[in-house]
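Chemist: I'll drop the sequence and a predicted model, then ask my questions.
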Amino acid sequence: MVLFTVAAWLNPRVGLALEGSAMRLLVAALLLVSGGVAQAQMGTPNLNSDRGNAARDFSATSAAKATLISDLVVADTLSAPTSKPVVATVLALPLDAAEPASPSPQPKFLYGSRGDYRWELGLGFTWLRFRSSAFNANTVGINTAVVYYTNEWFGVEGNVIAAFAPTIFVNEHVKIATYGAGPKIALRQKQWEPWLHAIFGGAHLQPQVTGQSRNSYVIKAGGGADYRWNPRISFRLEGDYVRTGFFNQGQNNFQLGGGFVFHF
């Protein structure tokens with residue numbers, strides 16, 4: 001600029017020429033500088049768009065490497081199964097779709113347990129030896145007994161007997177019937193079940209003796225044993241003392257019997 005001032009002072013025309021040349025040089029220099037800046041901007045890497053190069057540059061540094069969650073999942077899937085416990089996933093089914101549980105096996109039958117049958121029906125035959133001042137007879141008939149057990153060993157029994165004998169006197173048949181009820185005690189814990197009972201009731205006798213009643217009281221006391229063949233059926237043997245009061249007298253009789261017992 002000093003040069004331009006001096007030239008302008010010495011010769012104004014020379015100064016104008018020099019001033020024009022300097023302006024052209026200045027414009028040319030500005031154009032060169034602008035072109036270099038633009039080229040430098042075009043050569044700068046785009047960090048926002050080229051993520052792969054940024055990752056490689058970052059991995060080349062000495063900083064600790066970051067592990068992505070997706071990489072952990074892939075590594076866990078490809079790792080050996082022996083190093084980790086196997087976890088089984090159980091899907092819970094709805095209650096309606098689930099299969100019903102299999103029934104529990106039936107327990108073995110225990111004789112005399114609290115699950116035993118409370119009712120029993122005895123059906124069998126009986127032989128009754130009847131002796132009196134009027135006549136004697138050996139009668140054979142049917143013995144029926146119904147028992148309800150209130151617990152394992154005590155029951156209430158109802159008993160009916162109907163027995164018959166051959167003819168005596170003039171075409172007269174001996175017929176004896178007894179009926180009554182009473183307690184029964186049984187040992188219901190083994191396959192053999194011994195028991196005792198007592199029956200109180202009435203008796204009916206034919207033929208009728210002149211001037212005497214055909215009815216009397218009856219008292220039975222005795223016992224027997226039942227063999228439990230299966231939970232529902234038993235075989236029975238029994239014997240009883242039988243006391244009656246026909247003809248205004250007392251008769252001491254006895255009976256033997258046997259048969260079947262049904263439990264329900």
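Modeler: Ah, there it is. Computed from a prediction, not measured in an experiment: that's the story for all the values here.
Chemist: strands of the stretch 101-250 of the chain, start to end?
Modeler: Per DSSP state E, counting those that start in this stretch, the stretch 101-250 of the chain carries strands over the ranges 119-131, 136-149, 154-168, 172-186, 192-206, 215-228, 233-244.
Chemist: pLDDT averaged over the shortest one - what is it?
Modeler: Per-residue pLDDT values over strand 233-244 give a mean of 97.
Chemist: pLDDT at Gln249, what is it?
Modeler: 89.
Chemist: let me see the domain layout of this protein.
Modeler: As recorded under automatic domain parsing, the domains making up the chain are 1-41, 119-263.
Chemist: circling back: reformat the strands of the stretch 101-250 of the chain as TSV; add distance to His263 and mean neighbour count.
Modeler: Every residue, glycine included, has its C-beta placed from N, CA and C. Compiled in TSV, the strands of the stretch 101-250 of the chain are given as follows (distance: least, CB to CB, whole Å; neighbours: other CB atoms under 10 Å):
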stretch	distance to His263	mean neighbour count
strand 119-131	5	18
strand 136-149	10	18
strand 154-168	12	17
strand 172-186	12	18
strand 192-206	10	18
strand 215-228	8	18
strand 233-244	7	18
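Chemist: the ones you listed into CSV, with extra columns for distance to Asn253?
Modeler: Output for those, formatted as CSV (distance: least, CB to CB, whole Å):
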stretch, distance to Asn253
strand 119-131, 5
strand 136-149, 10
strand 154-168, 10
strand 172-186, 9
strand 192-206, 10
strand 215-228, 9
strand 233-244, 4
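Chemist: of all these, which one is nearest Gln251?
Modeler: Among these, the nearest to Gln251 by CB to CB is strand 233-244 (4.6 Å).
Chemist: what packs against the closest one?
Modeler: strand 119-131, strand 192-206, strand 215-228, strand 251-263 (3 or more CB pairs under 8 Å, 6 or more residues apart in numbering; DSSP states H and E).
Chemist: which stretch in the domains of the chain is the model least sure about?
Modeler: When the domains of the chain are ranked by mean pLDDT, domain 1-41 comes last with a mean of 55.
Chemist: save the helices and strands packed on strand 233-244 as a markdown table, and put in distance to Val140 too.
Modeler: Shown next, in a markdown table, are the helices and strands packed on strand 233-244 (distance: least, CB to CB, whole Å):
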| stretch | distance to Val140 |
| --- | --- |
| strand 119-131 | 5 |
| strand 192-206 | 15 |
| strand 215-228 | 17 |
| strand 251-263 | 10 |
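Chemist: of those, which is nearest Ile161?
Modeler: Among those, the nearest to Ile161 by CB to CB is strand 119-131 (5.7 Å).
Chemist: tell me the angle the closest one makes with strand 215-228.
Modeler: 130 degrees (axes from the mean of the first three to the mean of the last three CA atoms, to 10 degrees).
Chemist: who does strand 119-131 pair up with?
Modeler: Strand 119-131 sits in its sheet next to strand 136-149 (antiparallel), strand 251-263 (antiparallel), going by DSSP bridges.
Chemist: could I get these as CSV with distance to Trp195?
Modeler: Below are those laid out as CSV (distance: least, CB to CB, whole Å):
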stretch, distance to Trp195
strand 136-149, 9
strand 251-263, 10
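Chemist: so which of those strands gets nearest Ala221?
Modeler: Smallest distance to Ala221 across those (CB to CB): 10.5 Å, for strand 251-263.
Chemist: what are the contacting residues of that closest one?
Modeler: Under the criterion CB atoms under 8 Å, 6 or more residues apart in numbering, residues 116-117, 119-132, 143, 161, 224, 226, 231-245 lie in contact with strand 251-263.
Chemist: circling back: of all the helices and strands packed on strand 233-244, which lies closest to Trp153?
Modeler: Using CB to CB, the helices and strands packed on strand 233-244 put strand 192-206 closest to Trp153, at 9.1 Å.
Chemist: by contact count, what packs against that closest one?
Modeler: strand 154-168, strand 172-186, strand 215-228, strand 233-244.
Chemist: extract the CA atoms of stretch 189-205 and return them as CSV.
Modeler: C-alpha atoms of stretch 189-205 as CSV (Å, rounded to 0.1, in the frame of the first residue of the first chain):
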residue,chain,number,x,y,z
GLN,A,189,-61.4,-107.4,64.0
LYS,A,190,-60.5,-110.8,62.5
GLN,A,191,-61.8,-113.0,59.7
TRP,A,192,-63.4,-115.1,62.5
GLU,A,193,-65.9,-112.9,64.4
PRO,A,194,-67.0,-114.3,67.7
TRP,A,195,-70.1,-112.7,69.2
LEU,A,196,-72.6,-112.9,72.1
HIS,A,197,-76.2,-111.8,72.3
ALA,A,198,-79.3,-111.7,74.5
ILE,A,199,-82.9,-111.7,73.2
PHE,A,200,-85.9,-110.8,75.1
GLY,A,201,-89.4,-111.3,73.6
GLY,A,202,-92.3,-113.6,73.2
ALA,A,203,-93.1,-117.2,72.0
HIS,A,204,-96.0,-118.9,70.4
LEU,A,205,-96.7,-122.6,70.6
